[in-house]
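Trainee: Structure, please.
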Amino acid sequence: MKKITFILLVMTGCVTPPPTAQEVVDLSIQYSGTEVLKNAVASFKFREIDYAYERQNGQYLYTRTQRDTSGNVVKDYLNNDGLVRTINGDTDDITDEKRAAYTSSVNSVIYFAFLPLWLNDAAVNKSHEGIIEINGKNYHKIRVTFDQEGGGEDFEDIFYYWFDTEDYSMDYLAYSYNEEDEGTGIRFRVAYNSRKVNGVTIQDYRNLKPKVKDSVPLDQIDQAFMDGQLTELSLIKLENVAITVQ
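Mentor: Numbers count the residues shown, from 1 in each chain. Coordinates of the predicted model:
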């Protein structure tokens, strides 16, 4: 009886349930150091456009600064109340359609720059889709969807994230999109040039797409990547990153 009891204890003791999707995300945020961005000031350059980020106790201000083809200084200010555009310091009277487009584009850049912080937002729904091997390393595959309320105008988009099972770094991500100007499609991003800026992990990405449009289901894009069915579309590079924690 003692021998049987010992065997049962060993068998049950060796079975460790995998972490939940929430636990994986929490550990990744901890690893990345992005939690401090809830109260911080940051700036960076992306595709020759300057971005500034301020966030304090739930209040935020994102600023995008660029020049148009005539050399005018165009600034977009996005805060909790909405977006305002100025040209050479004067407020520009823009349509609701343009305001929504500018809001979406500014939000998108900030969102991808400081992942995985936003994966604990209230509108986010997470599920653990299993442990997947990519290039000899094991990853937690997490699926993310959004509630309509609080999920933004692109709430129907679906995301996948792959977190290293050892250190919980976010090494890959993929998403579907449905845009009026771009149509539908999916993207797969491979992190590279991971570095720490004032304790926060900042990463650049290789941005890939299927070689044949609509040939790969989003939930199988990791296998398509390993099978060589994706092609590089662009590089997502953040330059001159500065972060000050408040």
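Trainee: Quick one: the strands in this protein, in order.
Mentor: When assigned using DSSP state E, the strands of the chain occupy the ranges 40-46, 49-56, 59-67, 73-79, 82-87, 90-91, 124-134, 137-146, 159-164, 170-179, 183-197, 200-210, 230-236, 238-245.
Trainee: which outside residues touch the fifth one?
Mentor: Contacting residues not belonging to strand 82-87 are listed as 68, 72-77, 91-92, 94, 99, 102-103, 106 [CB atoms under 8 Å, 6 or more residues apart in numbering]. Bear in mind the C-beta positions are built from the backbone N, C-alpha and C, glycine included.
Trainee: Now a ChimeraX select for only the buried ones of the residues you listed.
Mentor: Of these, the buried ones can be selected in ChimeraX as follows, counting by 16 or more other CB atoms under 10 Å:
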select :74,75,76,77,99,102,103,106
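Trainee: got the contacts of strand 82-87 as CSV, with distance to Glu239 columns?
Mentor: Below are those laid out as CSV (distance: CB to CB, whole Å):
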residue, distance to Glu239
Asp68, 21
Asn72, 23
Val73, 20
Val74, 20
Lys75, 19
Asp76, 19
Tyr77, 22
Thr91, 29
Asp92, 27
Ile94, 28
Arg99, 28
Tyr102, 22
Thr103, 24
Val106, 17
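Trainee: which helix in this structure runs the most residues?
Mentor: helix 96-113 (DSSP state H).
Trainee: Which positions in that one come out as buried?
Mentor: When neighbours are counted by 16+ other CB under 10 Å, the buried residues of helix 96-113 are found to be Arg99, Ala101, Tyr102, Thr103, Val106, Asn107, Val109, Ile110, Phe112, Ala113.
Trainee: Packing partners of that helix?
Mentor: Using 3 or more CB pairs under 8 Å, 6 or more residues apart in numbering; DSSP states H and E as the contact criterion, the neighbours of helix 96-113 among helices and strands are strand 40-46, strand 49-56, strand 59-67, strand 73-79, strand 82-87.
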